[in-house]
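Visitor: everything below, folded, please.
(chains A and B)
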Amino acid sequence: MSETENAPHEKSLLDDQVDFTVKHPLNSEWTLWYTKPAVHEQESWSDLLRPIISFNSVEEFWGIFNSIPKASDLPVKSDYHLFRDGIKPEWEDERNANGGKLTYQFAYRKVDINELWSRGLLSVIGETIQDDDGETEVNGIVLSIRRAALKIALWTKSKDEAVLRPIGERFKKVLKLTARDHIDFQPHKSGAGSKNVPSFSI
Amino acid sequence: MVKYTEEQLLELQSHAVVSKKDALEAFNALVEEVKTQVPDDQFLNGRRRSSVLGTRPVFRKKKADPPKVDEDGFIISSGKSTRKSVSASDDVEIQQFRELNLKVKSSKISSNPADSSTLVDQPKVAFNAFDALMDSDGDSE
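Guide: Here you go, the predicted structure:
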């Protein structure tokens, strides 16, 4: 190995550019995760779920968004997850455990998934999906690419219908849904035998 | 709470900053690798087999070589058999089969009387009135 390879990476002006250009901090630090499709049977969930990158400014968000594959370019059984403040996109995470998810399922190929996913991301990082006051209720947003359908879900901290209903109404507008469309809320911890039954719809 | 509307965020898109290029390159490489490992039809962006679109693959047949012609304008035979799959030993077997088949056929000839009208080589004897008169004249003498 050469000396140049062993030498610590020297910071250039280009590296420090971030400090000079970041002008629009976000309310939280966000981490983008990716679930890759299982290629081998031996791969476990932990092998498939990977954190990609974290950011805390609008400018960094756009730099990432412009550099990664579009939603429509992902293979089936892929997921994008965007979660705040180090929350893992798993229901076992203690900040998710008492919450649930507001989900809408789009028919395959009937929508512009790139536009809807970007609208969802902007509503989450810009915090417009939430109430003006109070604590952050939305923990993250998930895009699931499946063979039969495309799903976008908001993961919430609680399962309080009174708190979640206005968020769900805003989520419907973000996803350009009509009054006839319904978003289902499903808590992560359901009663026995009711795992797949939504507790309420909006 | 710091908030940005969709419009405000979109205005800042042109100020994008790539701070962790290595992580993004590694991620893109991962997705590309996954794409090579999953079937083509498992994509939303229409990367599917061409047959799905109703078009069929075109099989181009190799054109036959033009026949060789001798000085007189006759086609020169290549001398090769067109029955490419039949070998010399097969020819012997085929001949043996034909001989055997011929024996079987001959043994199956019917014993019923043949229809005389179908016989070709049967001698035909026609009645001749003049010959008959001549015969009777001789008898009377």
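Visitor: wasn't A:Leu154 part of a strand?
Guide: Yes - checked against DSSP: H, G, I helix; E, B strand; the rest coil, A:Leu154 lies within a strand.
Visitor: report the contact partners of it.
Guide: Under the criterion of Cβ atoms under 8 Å, 6 or more residues apart in numbering or on different chains, the neighbours of A:Leu154 are A:Lys101, A:Leu102, A:Thr103, A:Gly120, A:Val124, A:Ile129, A:Val138, A:Gly140, A:Ile141, A:Ile167, A:Phe171. Yep, even glycine has a C-beta here, placed from its N, CA and C like the rest.
Visitor: partner residues bridging it?
Guide: Following DSSP bridges, A:Leu154 is listed with bridge partners A:Leu102, A:Ile141.
Visitor: ok, it to A:Gln130 distance?
Guide: For A:Leu154, the distance to A:Gln130 (Cβ to Cβ, to the nearest Å) stands at 10 Å.
Visitor: common neighbours of the two, please.
Guide: With Cβ under 8 Å, 6+ apart, A:Leu154 and A:Gln130 have common neighbours A:Val138, A:Ile167.
Visitor: stretch A:158-168 close to chain B?
Guide: No - between stretch A:158-168 and chain B, judged by Cβ under 8 Å from any Cβ of the partner chain, nothing touches; the nearest distance is 14.1 Å.
Visitor: residues in contact with that stretch?
Guide: With Cβ under 8 Å, 6+ apart, stretch A:158-168 has contacts from A:98-100, A:102, A:129-131, A:137-138, A:154, A:156, A:183, A:185, A:187, A:199-200, A:202.
Visitor: now swap in stretch A:101-116 and tell me
Guide: A:70-72, A:142-143, A:147-156, A:164, A:167-168, A:171-172, A:174-177, A:181, A:183-186, A:188, A:202, B:44.
Visitor: try 7 Å this time
Guide: Stretch A:101-116 has contacts (Cβ atoms under 7 Å, 6 or more residues apart in numbering or on different chains) with A:70-72, A:148-156, A:164, A:167-168, A:171, A:175-177, A:183-186, B:44.
Visitor: in it, what counts as buried?
Guide: By neighbour count on 16 or more other Cβ atoms under 10 Å in any protein chain shown, the buried set for stretch A:101-116 is A:Lys101, A:Leu102, A:Thr103, A:Tyr104, A:Phe106, A:Ile113, A:Leu116.
Visitor: could you dump the residues you listed to TSV with distance to A:Asp47?
Guide: What follows is those, written out as TSV (distance: Cβ to Cβ, whole Å):
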residue	distance to A:Asp47
A:Lys101	23
A:Leu102	28
A:Thr103	25
A:Tyr104	29
A:Phe106	28
A:Ile113	26
A:Leu116	29
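Visitor: chain B: which of these is nearest?
Guide: The nearest member of those to chain B, counting by Cβ to the nearest Cβ, is A:Ile113 at 6.8 Å.
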